[in-house]
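[1] fold the following, please.
(2 chains)
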Amino acid sequence: GENVEQHPSTLSVQEGDSAVIKCTYSDSASNYFPWYKQELGKRPQLIIDIRSNVGEKKDQRIAVTLNKTAKHFSLHITETQPEDSAVYFCAASPPGNTGKLIFGQGTTLQVKP
Amino acid sequence: DAGVTQSPTHLIKTRGQHVTLRCSPISGHKSVSWYQQVLGQGPQFIFQYYEKEERGRGNFPDRFSARQFPNYSSELNVNALLLGDSALYLCASSAGLQNTEAFFGQGTRLTVV
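    Numbering: from 1, shown residues only, chains lettered A, B, ... in the order given. Below is the predicted model of the structure:
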């Protein structure tokens, strides 16, 4: 069935370092890949997304790369700051006439000052 | 500028009871999706409604049902509550059917005792 695996489950970095979170998806026809940030007790918020016709997308300190052949995509955060500390979720949208999102298990990122 | 609103924010129910959760999408959004988020895991897709029609259903028992009203607001109903139904229930609205940003509400925290 449809599945998204996310690694690592926890990640601790020093302020200013880079952080990388990786996800793999099972359905090769998936075509939309958003990343959400969820702070404690708050709603998930979209930070960046990528569609299957694009290999890489950047937005200031955040970038996402997509490897369709390997069925994996990654989130890169550079120059991390303490306010980047949160749980990050990747997701994939399987094919079909639906907006269904399959989420990964989440990565808890801690940025130490 | 109102985002996605959900009510109630917290709810405590007894096993066997039923519950109705409500969601108002962002103005102009025609798609509403429901997700269940168990502590420490990623959101799991329950339903999507678009233009008042069901467009997707996740792997949840028939105790879960939903509907969308002419004003695009939505209700999620859960019958015969089980302890395992305790979770954060998130509603997300989107402007389009698929591959567009999903905006999440703050969620309804359901506790079944």
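[2] tell me the secondary structure for B:A80?
    Following DSSP: H, G, I helix; E, B strand; the rest coil, we place B:A80 in the coil state.
[3] next, count neighbours for it.
    12 (other CB atoms under 10 Å in any protein chain shown). Bear in mind the C-beta positions are built from the backbone N, C-alpha and C, glycine included.
[4] ok, now B:K52?
    So B:K52, with other CB under 10 Å, has 14 neighbours.
[5] now the phi/psi pair for the nearest residue to it once chain neighbours are set aside, please.
    Leaving aside its chain neighbours, B:K52 sits nearest to B:Q68 (4.7 Å; criterion: CB to CB, 6 or more residues apart in numbering or on different chains). Per-residue torsions, B:Q68: phi -130, psi 140 (degrees, to the nearest 10).
[6] and B:Q68, how far from chain A?
    Distance of B:Q68 to chain A, given as CB to the nearest CB, to the nearest Å: 13 Å.
[7] report the contact partners of that residue.
    B:32, B:49-50, B:52-53, B:74 (CB atoms under 8 Å, 6 or more residues apart in numbering or on different chains).
[8] now do B:P70
    With CB under 8 Å, 6+ apart, B:P70 has these contacts: B:K52.
[9] then B:V112?
    B:12-15, B:81-86.
[10] quick one: which of those is most hemmed in?
    For the contacts of B:V112, neighbours tallied by other CB under 10 Å; top is B:D85, 21 neighbours.
[11] let's see the pLDDT reported for that one.
    You'll see B:D85 listed with a pLDDT of 98.
[12] what sits opposite the nearest residue to it once chain neighbours are set aside in the beta ladder?
    Distance criterion CB to CB, 6+ apart; nearest residue to B:D85, sequence neighbours excluded, is B:V112 at 5.2 Å. Under DSSP bridges, the beta-bridge partners of B:V112 are B:K13.
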